[in-house]
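Engineer: sequence isn't available, so here's the structure alone:
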């Protein structure tokens, strides 16, 4: 029974996604009125879309799992995921919107016209980051489907890849903002409903102060992360958000730098509201699903309804969560697939239509293979590693590129290479280590961000200083483009003639 | 230390070691293979110094480029000091000896006299000989190269003259590049869609017909007309946003509707993501004008024009479709090739501009047949590379 309802929910999400992708544009914007057609996306819509694209498997399933596993320390993840947007708001959103660059390689090209090598390196890094980011989504799909319905593990990733490929290749997802905005509110609902049900069922039991204190005690008793790990994770999450390719692309839907700032502020609120839910469910998970063990902790949210309710209500709530989880996998994967296919087709197929299609298939098929060949890590942790990698490579390029005039192409290349090599090798190395060892050296390999991010910055600054003569000749002009507010954008119809009507 | 960590360390060290040895081996094998006899090596050295100098002269006689090429050229000649000057001052000095103010003043005066005479000159002073040769572009001396050596023999003087010829060739190429860019810009300006005279005539006539019957509407139309012409006459920038172009099309269609009444129906499907996309100025309006005149004008019951804009990865895809008369594909091909004139000039202009801006693969895509309507599709990269930025700011 659980299986049937969950599969139904999953099919509904897939079909709804595809229908909105194919027909969404037609529904929303067929008009003969130029004024209506030329209205840009409001920051609210855009913020919902960013939220929809950003809340991935790690946020939907992983956060609760981490809280079950590592107690209070797990709370740093939702805080980091959200606070990253604060960094984006403060340092990157508006200048990047003004730069007219659509992708990070485009930004590299604007900042350093002459360096073809820098553009290439950035492209490859973006490709690697997207792939690394898609793989945990596929792991999440595999886990969700096999826990909820008992189907074999490969079905989930294949469904996600197929739906994403179909919508992107067939020319769907064209009005992607509306699809993604819908996904945010759907995901929120898919967690709000079970949370409310569970809380109403459980609250009477825990309203006594003694019981509440007991819960707090249980929360504290779980061994958390060390100080170094915590610092490293916060650094990775704060700086990693700055360089995520699929998040940055959304900002171009904003008509101006100012609108980009407003959008980011709204995103901050939306994310804060969303993360209340997995956190709550995670704490409840400590009480009811403590027996899951490290490998299945990510299934906490999926299993919680079954543990508290029984019968049809439990099945229905599980089905809702499964639907929401698939919405998370689909939206994040499609956003990443579009960015990734764009970068691949630009680099290898001269940006043709056919090249874009081949790239989309490549972008989704390869992560499915990797996901099937590897084991699922803790989802939030795997995404945390991607953030660490982004923070050691793309983030220094963006931050210094936007805020430091004297950055040179050689400095950028050196810094990104050092960051990528250190962070990548450390993460690879830590995978080969046994789980149990906990010395500082092992932790430094497992969570490299605390040293690899500063290292990348330092290398970038030092090499730029030593190649001072190679500061691009147009640096001042590019800085002006990035930081001087643009002429206000005028939507169609909002002119003199309009006043007369 | 755990065994796994040891293995990782060992593997890393081995990989790095292999990489270093491989790199060194590659370097050494390259350096021994390529150099042959002494004469070959000398030729190679000379060519190498020249090839270093070439890219720096690519932008003409600038201070920065001259400094870098002077270094390479001094090594080529093997002299103690090498100077590049333009007609006003010394641009760059590269010296292996102490270069005093006296020497500089001397070099400056020789340089001026060489520019005047347009001939290579040799000045012998105590200890140092000075050879200066003119840089000639189009029969005019635009600067000099000056070499200082302990003793300048006949072969050295010839070598300096040859270097001057070499620099002249590079500077000439730079000027050619510049004039090519200017030509391209002039061509772009010429191609920039002009308002058709027919449209002005027809609009004014339509407005005139309203002046007595409906003065308020006539007033409104005159303002629309003024706003539309202001948009199309504007000087600033080669690019505009899709939103602004749609606004201009709206004005244009209002004016056409004054003539055609309800015979033209328009529908729009615009993905809001592509509204801020930078597109070439007036690249859509001519397509709509073409649809109105060649597609719908002839049909007594009018027809429908639909404009769609969608996002496709890193491109914006914009389509203009009408259900009017259509065109003969062969005739259309000859129009686009430029062999038939006076028909669909607007289409050809847009096509040529798109190809110049975005490469040959990104021109107009036209699906049409007689009686079957016309669908014109544009595929525009959303990202505009930075060189556009500079002309935009300057223009």
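Structural biologist: Good, I have the coordinates. Just so we're clear, the structure is a prediction, and the values are computed from it rather than from any experiment.

Engineer: residue contacts, residue A:343?
Structural biologist: With contact taken as C-beta atoms under 8 Å, 6 or more residues apart in numbering or on different chains, residue A:343 is in contact with A:103, A:105, A:123, A:126, A:127, A:130, A:245. The way it works is simple: take the backbone N, C-alpha and C, and place the C-beta from them, glycine included.

Engineer: repeat that for residue A:367.
Structural biologist: A:131, A:134, A:135, A:137, A:138, A:157, A:161.

Engineer: how does it look with 6 Å?
Structural biologist: Each residue near residue A:367 by C-beta atoms under 6 Å, 6 or more residues apart in numbering or on different chains is listed here: A:131, A:134, A:135, A:138.

Engineer: for burial, what's the neighbour tally of residue B:188?
Structural biologist: Residue B:188: 17 surrounding residues under other C-beta atoms under 10 Å in any protein chain shown.

Engineer: follow-up on the earlier one: quick check: PyMOL command selecting the buried ones in the contacts of residue A:343.
Structural biologist: Buried subset of these, written as a PyMOL selection, criterion 16 or more other C-beta atoms under 10 Å in any protein chain shown:
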select buried, chain A and resi 103+105+123+126+127+130+245
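
Engineer: scan the contacts of residue A:367 and report the most crowded one.
Structural biologist: Ranked by the number of neighbours (other C-beta under 10 Å), the contacts of residue A:367 place residue A:134 first, at 30 neighbours.

Engineer: not counting sequence-adjacent ones, nearest residue to that residue?
Structural biologist: residue A:367 (3.9 Å; C-beta to C-beta, 6 or more residues apart in numbering or on different chains).

Engineer: tell me the pLDDT at the one you found?
Structural biologist: Note for residue A:367: predicted pLDDT of 89.

Engineer: name the element it belongs to?
Structural biologist: Following DSSP states H and E, the helix or strand that holds residue A:367 is helix A:353-373.

Engineer: before we move on, the earlier item: which of the contacts of residue A:367 fall in helices?
Structural biologist: Those of those mapping onto helices are A:131, A:134, A:135, A:138, per DSSP state H.

Engineer: make JSON lines out of these and add pLDDT and distance to residue A:190.
Structural biologist: Compiled in JSON lines, the ones in helices among the contacts of residue A:367 are given as follows (pLDDT from 0 to 100; distance: C-beta to C-beta, whole Å):
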{"residue": "A:131", "pLDDT": "90", "distance to residue A:190": "27"}
{"residue": "A:134", "pLDDT": "90", "distance to residue A:190": "21"}
{"residue": "A:135", "pLDDT": "89", "distance to residue A:190": "23"}
{"residue": "A:138", "pLDDT": "90", "distance to residue A:190": "20"}
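
Engineer: where does the stretch 151-300 of chain B have low pLDDT?
Structural biologist: Where the stretch 151-300 of chain B drops to pLDDT under 70, the residues are B:191-194, B:235-237.

Engineer: any weak-confidence spans in the stretch 301-450 of chain A?
Structural biologist: A:376-378, A:434-438.

Engineer: so which bits of it are right by chain B?
Structural biologist: By C-beta under 6 Å from any C-beta of the partner chain, the part of the stretch 301-450 of chain A that sits against chain B consists of A:342, A:356, A:429, A:432, A:433, A:437.

Engineer: touching, the first one and residue B:313? I think so.
Structural biologist: Yes - contact between residue A:342 and residue B:313 holds when scored by C-beta atoms under 6 Å: they sit 4.5 Å apart.

Engineer: who has more neighbours, the two?
Structural biologist: Legend: neighbour count by other C-beta under 10 Å for residue A:342 and residue B:313, higher for residue A:342 (29 against 26).

Engineer: what residues does stretch B:354-366 touch?
Structural biologist: Contacts of stretch B:354-366 (C-beta under 6 Å, 6+ apart): B:280, B:351, B:376, B:377, B:379.

Engineer: which positions within it qualify as buried?
Structural biologist: Neighbour-count burial for stretch B:354-366, with 16+ other C-beta under 10 Å as criterion, is recorded at B:354, B:357, B:358, B:362, B:363, B:364, B:366.

Engineer: one more: stretch B:66-86?
Structural biologist: Quick answer for stretch B:66-86 (16+ other C-beta under 10 Å): B:66, B:68-77, B:79-86.
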